[in-house]
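Visitor: structure for the following, please:
(chains A and B)
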Amino acid sequence: MTAILDTPVVARAGGGRKRARRRDRGLILFALPSLVWYLIFTIGPLGAMFVVAFMDWAGLAAPASFNGMENVDRLLHDDRILTASKNTAVHLFVSLPVIMVGAFMLGYFLNLKLPGHRILRVIMFVPALISLSAMGMLFVAVLGPTGLVNSALDQVGLGDHATAWLADPTWAMPSLILVTIWSGLGFTGILFAARLSAIDGEIYAAAELDGANHWQKMWRVAYPICRDYFGVLTMLQYLWTLFGSAGMVLLLTRGGPGESTSTLSWLVYRFGFRSPEVGYSQTIGLVLFVLGIVGLVIIRRVFRARY
Amino acid sequence: MIRFSSTPLRMAALLTTAAIAAGALTACSKDDASEADAQKLTILSSFTTGNATGDHLNKLVKDFTAQTGIQVDIEEANTNDIANTYEASKLADEERDLVILNLTPDTSDWLPQGQVVDVKKYLDEWGLTDKIVPEALKFWTQADADNGIAGFPYTGFNWPVWYNMDLLKKAGVTEVPATVDDLVTAATKLRAANIPPMALGGAEWPVQNFITWMVQQYVKPDEAQTLFSKGGFCASPGAVQGLDLLGKLRDSGVFVDNVQGYTADQMTSAYFNGKAAMMPSGSWSYTEAPPAIASATELGGFPLPTGGVYTKPTAFQGHSNGFFLSPNGEKKIASVEKFIKYMYDQPVLQGWVSEGSQIMSVKNDILGSVTSTQPLVVKGNEITPKVDYLLLPDSYIPSGTDYSPAGSEFLGKKGQTGAHFCKTLDKLYQK
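Guide: Here you go, the predicted model:
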């Protein structure tokens, strides 16, 4: 007699789904602390900026109250904002192209792995290792009235051209741009070199067979391949320069002489910590936020990969 | 026995147990912590180790602890950052008990905002009001805080012009310039001898002070107080005249070349290295001067301009450094009382003069007879009969109003007049 099972054993439907749900819950549990941290310390302050921007708030310990659109109205009629916007535009539109184009070319050059390329990588990375305050001290000394640049000019008989570079209305912003380029060029070049090293050498070999020189290989072969990556680094550098100029301005020029190096980022710091008018500072912060988003969208569209 | 068969339940149990244990331990230790806190004072100090003031304070604190058993923990901070450091800690109610700092535009909001305690009653109760010079108490009394006193005034300063007589004599100038015309003549002779005349920190706070120095040549203290509090330079003929005087000094070559780019440190360094014959600077630098420069230096006021409101060369003096008491510090008032009374004891006050080379904000009979070993400190104490003291602008210029960028631009623009510069200054007061 054969025992017949009345109820065949069938693999329960949804057993795999139940395991997947348990696994997902575990993942969520582990990710929860980071999510909470992100919400509180990244999204929270961002949301707070939108609230504080419409407040009359003299200082961190002072009482605060909503004042509607007063801060916005003030911003629209404040000459300092217009001056800072112009300075920000000059700072960005001069330093950004120079850094990105220069860094890409440096990255390509490093990738050729010519003799000494390792030492060059180290030299190029050095600015990234210097803290902002050390960099400030360095350039105050280099560009000061009795600093390295003026001493060198004096030595070669061009002492008449010596000036207080950081306090001269004509040269203060170019000096700031120079420091920005100095601090960003090498590091971005290293990043480009890393990306370019992933390009198959055969592609370059094929281009050489077609008679391409280095310039053509750089811009007609390497650039289209890592166009998307170029866009990502441009976005990063754009944000660093737009939001980070306050530190450099604080250390080098404090917005002067006059308002020749006052940028929007500097005004956020100035009204937030020096005046202090925290509400107005965040209203300016809103402008920076919008400029940041708009810039990111434009850069993304311009540099998206076209396959 | 409870069995946790699933991982999430085990995790939850573990976390709950840990939370309960931590809470119990905290509760147990709370009473002990309060008692221990009272035996410990925390100080946020602008006096830093490596400088005469910081080193001397560290020595005194050890002595105080040995005498009273009260531990003192000092956190040092850069003068530029210390106000922000305190305010951030105050937001978290973690502020230090005492702050050693100057009463300046950066800290003048503290008492009105309740970030520090009004110490008037403590000065009276502890018998300190009669020890402190009236000018110091007046400086620390804030009208916008119901005439409360923002802190315990402790050290003062004077701020004259330093004249390197060796360099001046080398250029054929045998005496300290008495008038602005003498100063311009001296500058011409110095330049002819390839000696840079007057260094000034044109890119930083010294230029702000120098602007107020020049403005006050033609403006009396009452009007100066209003100007510094609310602006209105263009509406004041005296103020415009003072700004014109600054322009005249610039255009006559009295300042070193590219003065608009000098930081305060570069100004001091230029003078200390013999790269400038004159410098307006304060007593905080007396102990840092190289011995040769200190012995060659004569201290005096800024020379008199024609038509000015003062009859003697002018200088500044102030009593702006002291101890702020925080709300946390007020909770340990018994320990704070011991510390503050210790600091106002005569031997301690005298030690600040003889070893710390400070100018104290106490009356001479309280201080007693004491001299510093530092030649410039001694010379600084001797200038009082020779100068008229100006109104110190620090407690009047609103927080965040910075003349330095505008001053730097003005110093770099030859030919620009006071009538133009006053507009830039007035704009700084716009909201």
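
Visitor: thought residue B:215 was touching residue B:227?
Guide: Yes. If you go by CB atoms under 8 Å, residue B:215 and residue B:227 touch, sitting 6.8 Å apart. Backbone N, C-alpha and C define where each C-beta goes, glycine included.

Visitor: any common contacting residues for the two?
Guide: B:233, B:239 (CB atoms under 8 Å, 6 or more residues apart in numbering or on different chains).

Visitor: list of residues touching stretch A:279-290?
Guide: Residues from elsewhere that reach stretch A:279-290 (CB under 8 Å, 6+ apart): A:49-50, A:52-57, A:64, A:67, A:71-72, A:74-75, A:81, A:242-243, A:264-265, A:267-272, A:275.

Visitor: and the residue nearest the centre of chain A, how close does it get to residue A:25?
Guide: Centroid-nearest residue in chain A, with CA atoms, centre = their mean: residue A:240, separated by 2.2 Å. Applying CB to CB, to the nearest Å, the value for residue A:240 to residue A:25 is 38 Å.

Visitor: do residue B:410 as well
Guide: Computed as CB to CB, the residue B:410 to residue A:25 distance reads 67 Å.

Visitor: who has more neighbours out of these two?
Guide: residue B:410 (26 against 12; other CB atoms under 10 Å in any protein chain shown).

Visitor: ok, the more buried one - contacts?
Guide: B:243, B:246, B:247, B:250, B:416, B:421, B:424.

Visitor: at 10 Å what do you get?
Guide: Neighbour list for residue B:410: A:257-258, B:202, B:207, B:211, B:243, B:246-247, B:250, B:260, B:403, B:416-418, B:420-421, B:424-425 [criterion: CB atoms under 10 Å, 6 or more residues apart in numbering or on different chains].

Visitor: show me the strands in the stretch 101-250 of chain A, by range?
Guide: Taking DSSP state E, counting those that start in this stretch, the stretch 101-250 of chain A contains no strands at all.

Visitor: so which bits of it are right by chain B?
Guide: Neighbours of chain B within the stretch 101-250 of chain A, by CB under 10 Å from any CB of the partner chain: A:137, A:140-141, A:143-147, A:150, A:159, A:162-172, A:250.

Visitor: over to the nearest residue to residue B:146 once chain neighbours are set aside: give its phi and psi.
Guide: With CB to CB, 6 or more residues apart in numbering or on different chains as the criterion, residue B:146 has its nearest non-adjacent residue at 8.0 Å, and that residue is residue B:118. Per-residue torsions, residue B:118: phi -70, psi 120 (degrees, to the nearest 10).

Visitor: which intervals of chain B have sub-threshold pLDDT?
Guide: Along chain B, segments meeting pLDDT under 70 span B:1-38.

Visitor: grab the most central residue of it for me.
Guide: residue B:102 (4.7 Å).

Visitor: tell me the contacts of that one?
Guide: By CB under 10 Å, 6+ apart, the residues touching residue B:102 are B:46, B:79, B:82-83, B:151, B:155, B:157, B:318-322, B:324, B:394-395.

Visitor: among the residues you listed, which lie within strands?
Guide: B:155, B:157, B:318, B:319, B:320, B:321, B:322, B:324 (DSSP state E).

Visitor: hmm, residue B:315 is touching residue B:300, no?
Guide: Yes. The criterion here is CB atoms under 10 Å, and residue B:315 meets it with residue B:300 at 7.8 Å.
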